[in-house]
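S.K.: sequence and predicted structure below; questions after.
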Amino acid sequence: MEKLPAQMTVVAISKPGGPEVLVPETRPVPQPGPDEILIKVEAAGVNRPDVSQRAGSYPPPPGASDLPGLEVAGEVVAIGSNAKKHKLGDKVMSLVAGGGYAQYCIAQDAQAMSVPSSYSITEAGATPETLMTVWHNVFERGALKPGETLLVHGGSSGIGTMAIQLAKAWGSKVIVTVGSQDKADACLKLGADRAINYKTEDFVAAVKAATSGAGANVILDMVGGEYIERNYEAAAVDGRIVQIAFLGSPKATVNFTRLMVKRLTHTGSTLRPRSNADKAAMVAAIEAKVMTFLHQGRIKPVIDSTFPLQNAADAHRRMETSEHVGKIVLLA
C-alpha cells in the first residue's frame, strides 16, 4: 500500500446557503477507529439530504463528520483494530454518516460492501444510500411481496430508479409518478409497468385503472403534503404507505376514516440517524438477499451525470433543477 498523505482535499459547507457555499479546503486525513475502515474515495453519490444539510436544515448526527456526503466507493487503505470484514486493497462501497465529499472517508467496517463484479466504481459510489433506503422502506417496512403493486412517487430519482429495478427483480408490479414524458420513458425503459405524469394525470385514478380498481399494495412517498390523503385513496385494502421525505409539506389535513376502512399502515423512517447496529443489519440482509442481483447486473444505479469533487457546487445545482434522471456522482 502507498503511504497515506497527511492532508486531503475536501468540500466543506462554509455557511448555510446555496450551492456556492460548497468550497474546497484542506484537512487532515482521518484515522479509522477500532470498528472502522478508511476508504480512498474514488466516487461519492450526491443525495437530497446533502442539499438539505448545505441549506442548514439537516445537521449531521452527533459524532459524524460535518462534511456532506452519505455514500462513497473506493479502496480500503487503513483498517481499525477490530475490523475483520474487509482487508487492505479491497474495493468497497459504503453508507457513511457524513464526510463523503473528500479524498478519504471513514466508514464502519460492517456497513461497507464489496463492489459488485458488474459495477464500475462510479456506479458503486451511487449505490449504498439508495439501495439501503429502498431495501429497508419497501421490503422491510413496506413488506412488498412478489405479485403485489408498488407505487413510487419520484420514479426518476435515484431512489425511484433503484426501487423500480429492485421491485421488478422481486417479481412485483411497479407504477411510478414523474413530471415529464422523458422521465416517464426512462422509468418504463427500466421496467416500470406504468409511468404517470402527475402534471397531466390524476395519479389516484391512474393507479386504480392500472390495478383494476384494487389500488397499490405499497406506496413509497417522498412528497408528503396533499399526497398523504391521496395516497390513502390510491392504496389497496391492507396497503402500506412508507414516508421517506417531504419535498412538499410535512403537514396535511387528512380524512383518517380511510386508514380504518382499508386497514392501512402508514409508517416511515430516516436512515442517517439510525444506529450502526441497525445499518449493519440492513447491509447483512442486502448481502444475503439482494447482492446476487447486483453481481448479475440486473440492478444498477442510473447515472445522470458526474462532476469532479471540486465542482460539488455544480452537482448541487444540477440536483436542484430536478431535471436529473437517476444519480449524480462526484469523482475524487
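M.R.: Thanks, I have it. Numbers count the residues shown, from 1 in each chain.
S.K.: now for Q243: which residues touch it?
M.R.: With CB atoms under 8 Å, 6 or more residues apart in numbering as the criterion, the residues that contact Q243 are 221-222, 224, 266-268. Every residue, glycine included, has its C-beta placed from N, CA and C.
S.K.: now the chain, which segments are flagged as low pLDDT?
M.R.: Low-confidence regions of the chain, defined by pLDDT under 70, span residues 1-2.
S.K.: what about 90?
M.R.: Within the chain, the segments meeting pLDDT under 90 span 1-3.
S.K.: which one's the longest strand in it?
M.R.: With secondary structure taken from DSSP state E, the chain has its longest strand at strand 36-46.
S.K.: what lines up beside it in the sheet?
M.R.: Sheet pairing here is set by DSSP bridges, and for strand 36-46 it gives strand 71-79 (antiparallel), strand 104-108 (antiparallel), strand 327-331 (antiparallel).
S.K.: what's the helix or strand following it packed up against?
M.R.: Secondary structure here is assigned by DSSP states H and E; on that basis, the next helix or strand after strand 36-46 toward the C-terminus is helix 48-55. Counting by 3 or more CB pairs under 8 Å, 6 or more residues apart in numbering; DSSP states H and E, the packing neighbours recorded for helix 48-55 are helix 312-321.
S.K.: how about the CA coordinates for the helix it packs on, as CSV?
M.R.: Once side chains and other backbone atoms are set aside, the C-alpha atoms of helix 312-321 remain, and they are given as CSV (Å, rounded to 0.1, in the frame of the first residue of the first chain):
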residue,chain,number,x,y,z
ALA,A,312,-19.6,19.8,-6.0
ALA,A,313,-21.5,23.1,-6.2
ASP,A,314,-22.3,22.4,-9.9
ALA,A,315,-23.5,18.9,-8.9
HIS,A,316,-25.9,20.5,-6.4
ARG,A,317,-27.1,23.0,-9.0
ARG,A,318,-27.9,20.0,-11.2
MET,A,319,-29.8,18.3,-8.5
GLU,A,320,-31.8,21.4,-7.7
THR,A,321,-33.1,21.7,-11.2
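S.K.: got the angle between that helix and strand 36-46?
M.R.: Taking axes from the mean of the first three to the mean of the last three CA atoms, to 10 degrees, one finds that helix 312-321 is oriented at 50 degrees with respect to strand 36-46.
S.K.: what angle separates helix 312-321 from helix 48-55?
M.R.: The directions of helix 312-321 and helix 48-55 differ by 110 degrees, with the same axes, to 10 degrees as the criterion.
S.K.: skipping adjacent residues, who's closest to the residue nearest the centre of the chain in space?
M.R.: The geometric centre of the chain, computed from its C-alpha atoms, lies nearest to T130 (CA atoms, centre = their mean), at 2.3 Å. Spatial nearest neighbour of T130, chain neighbours left out: M162 (4.3 Å); criterion: CB to CB, 6 or more residues apart in numbering.
S.K.: do the same with A206
M.R.: Leaving aside its chain neighbours, A206 sits nearest to I196 (4.5 Å; criterion: CB to CB, 6+ apart).
S.K.: kindly report the same for P30.
M.R.: The shortest distance from P30 to any residue that is not its chain neighbour, by CB to CB, 6+ apart, is 5.1 Å, and that residue is I106.
S.K.: about what we covered before: I'd say the residue nearest to the centre of the chain and I299 touch.
M.R.: No: counting by CB atoms under 8 Å, T130 sits too far from I299 to count as a contact (10.5 Å).
S.K.: overlap in contacts, these two.
M.R.: By the contact definition CB under 8 Å, 6+ apart, T130 and I299 are jointly contacted by M162.
S.K.: did I read that right, E287 in a helix?
M.R.: Yes: the assignment for E287 (DSSP: H, G, I helix; E, B strand; the rest coil) places it in a helix.
S.K.: residues touching it, list them.
M.R.: Remark: with contacts taken as CB under 8 Å, 6+ apart, E287 is in contact with M113.
S.K.: so L151 sits against A210, correct?
M.R.: No: between L151 and A210 there is no contact under CB under 8 Å: 9.3 Å.
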